[in-house]
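In: Give the three-dimensional model of this entry:
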Amino acid sequence: MFDERQGATLEWCWTAPVRSHRPVSRIQSAIRYISSIYLREPWWAEFWSGAIAIGWAVVFFVSGVNIFDRVPLQLLSSISSGPIWAWFCLIAGVAQLTFLMLDKRCLRWLSALVMSWFPCMVVLSIALDVPVSPSVAVYGGWAGINLFSIFRLLRRAP
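Out: Residues are numbered from 1 along each chain as shown. Alright, predicted model coming up:
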């Protein structure tokens, strides 16, 4: 992509924003902003994932309602019972937040991998049931957050 008028190369749209005195259109500005969001470290994604896991476990323990009785989760219930999964989410969520605060990339990657497994299994369990529950979107978003973190942490510079 070349600017014929000035003979200079234009910046590729997926690079970090560069400060210049040239005026930038709103579309270029929006593209740069969106690309800078994607290029940032996935700190908030990991934070929200750990907070969701802790919240899920706390609500499970406080409510006393077993979600595995109401929503058919054959894949997870065949492995273990509901309280075990609540403890898993609580421990994994605390670990994810701890590794995030310590900023150890390998541990953050492993915790994102572990935290993506549980909601992916819930999505598969709900998707195999007919009719499909709308909660599949929530668990799918939770899994997506962690899958995004996995790929972003792999590409992050050391």
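In: got the domain boundaries for the chain?
Out: 2-39, 43-155 (automatic domain parsing).
In: between those domains, which has the poorest average model confidence?
Out: For the domains of the chain, the weakest mean pLDDT is recorded on domain 2-39, namely a mean of 60.
In: So which bits of the helix or strand harbouring Gln28 are buried?
Out: Using DSSP states H and E, Gln28 sits within helix 26-39. Neighbour counts over helix 26-39 (16 or more other C-beta atoms under 10 Å) mark 32, 35 as buried. The way it works is simple: take the backbone N, C-alpha and C, and place the C-beta from them, glycine included.
In: hang on, Ala127 packs against Ser135?
Out: No: using C-beta atoms under 8 Å, Ala127 is not in contact with Ser135; the gap is 11.0 Å.
In: follow-up on the earlier one: which secondary structure elements does the very next helix or strand once past the helix holding Gln28 sit against?
Out: Tracing the chain past helix 26-39, the next element assigned as helix or strand by DSSP H and E is helix 43-63. Packed against helix 43-63, as judged by 3 or more C-beta pairs under 8 Å, 6 or more residues apart in numbering; DSSP states H and E, are the following elements: helix 82-102, helix 105-128, helix 135-155.
In: on that earlier part again, could you single out the most deeply buried of the domains of the chain?
Out: Comparing the domains of the chain by mean neighbour count (mean count of other C-beta atoms under 10 Å), domain 43-155 ranks first with a mean of 17.
In: Go through the helices and strands packed on helix 43-63 and name the closest to Ser29.
Out: helix 135-155 (23.0 Å; C-beta to C-beta).
In: how far out from the middle of the chain is that closest one?
Out: Distance of helix 135-155 from its chain centroid, counting by C-alpha atoms, centre = their mean, to the nearest Å, is 3 Å.
In: Check stretch 128-136 too.
Out: Worked out by C-alpha atoms, centre = their mean, stretch 128-136 lies 21 Å from the chain centre.
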